[in-house]
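K.L.:
give me the fold of what follows.
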Amino acid sequence: MHLADHEVRRLCHHPLLFQDLVIFVVQLQHKLLDIHALLAYIEFVHPLLKTPPSCPLHINNNWIGCFTKSTEVCKALYFAGVPVWLVRSEAYISPTMNIVHSV
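P.N.:
Residues are numbered from 1 along each chain as shown. Alright, predicted model coming up:
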């Protein structure tokens, strides 16, 4: 909240145009969303990464998730209930695998 308080104090000391006000609000929202994401990670994901469950947890549909190339990271996040996509190069994909859409 210190960052948000700093932004509000800065706003009080400067007369702003509407465009400047919009930029200020966007920056404030960005900082607050970063804080919210960090707190969610500390509260929910980090404990599960330190002591992984024996079976995967239900995926949290409120989270966006992440992309990774590491199978170890993918497995850890999957077991923690984080939506995760494993990015693989074409060389590692079996020719018999059914690919619906390549991106």
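
K.L.:
how long is stretch 47-67 from one end to the other?
P.N.:
End-to-end span of stretch 47-67 (CA to CA, to the nearest Å): 20 Å.

K.L.:
run the chain-centre distance for it.
P.N.:
Counting by CA atoms, centre = their mean, to the nearest Å, stretch 47-67 is centred 12 Å from the centre of its parent chain.

K.L.:
biggest helix in the chain by residues?
P.N.:
Longest helix in the chain by number of residues, with DSSP state H as the criterion: helix 18-40.

K.L.:
what's the first helix or strand after that helix?
P.N.:
Note on helix 18-40: by DSSP states H and E, the next helix or strand toward the C-terminus is helix 46-50.

K.L.:
whichever helix or strand comes after that next one: which residues count as buried?
P.N.:
Remark: after helix 46-50, the chain's next helix or strand is strand 66-68, criterion DSSP H and E. Residues of strand 66-68 classed as buried by neighbour count (16 or more other CB atoms under 10 Å): residue 68. Every C-beta, even on glycine, is put in place using the N, C-alpha and C of the backbone.

K.L.:
pretty sure residue 11 sits against residue 24.
P.N.:
Yes: assessed by CB atoms under 8 Å, residue 11 is found in contact with residue 24 at 5.7 Å.

K.L.:
by contact count, what packs against the lowest-mean-pLDDT helix or strand in the chain?
P.N.:
Least confident helix or strand, the chain: helix 2-12 with a mean of 76, by mean pLDDT, DSSP states H and E. Other helices and strands packing on helix 2-12, by 3 or more CB pairs under 8 Å, 6 or more residues apart in numbering; DSSP states H and E, are helix 18-40.

K.L.:
run through the protein and note the low-pLDDT ranges.
P.N.:
Residue ranges of the chain with pLDDT under 70: 1, 16.

K.L.:
one more pass at 80, please.
P.N.:
Applying pLDDT under 80 to the chain flags the ranges 1-4, 7-18, 99-103.

K.L.:
residue farthest from the centroid of it?
P.N.:
Most distant residue from the mean C-alpha position of the chain: residue 15, 34.4 Å away (CA atoms, centre = their mean).
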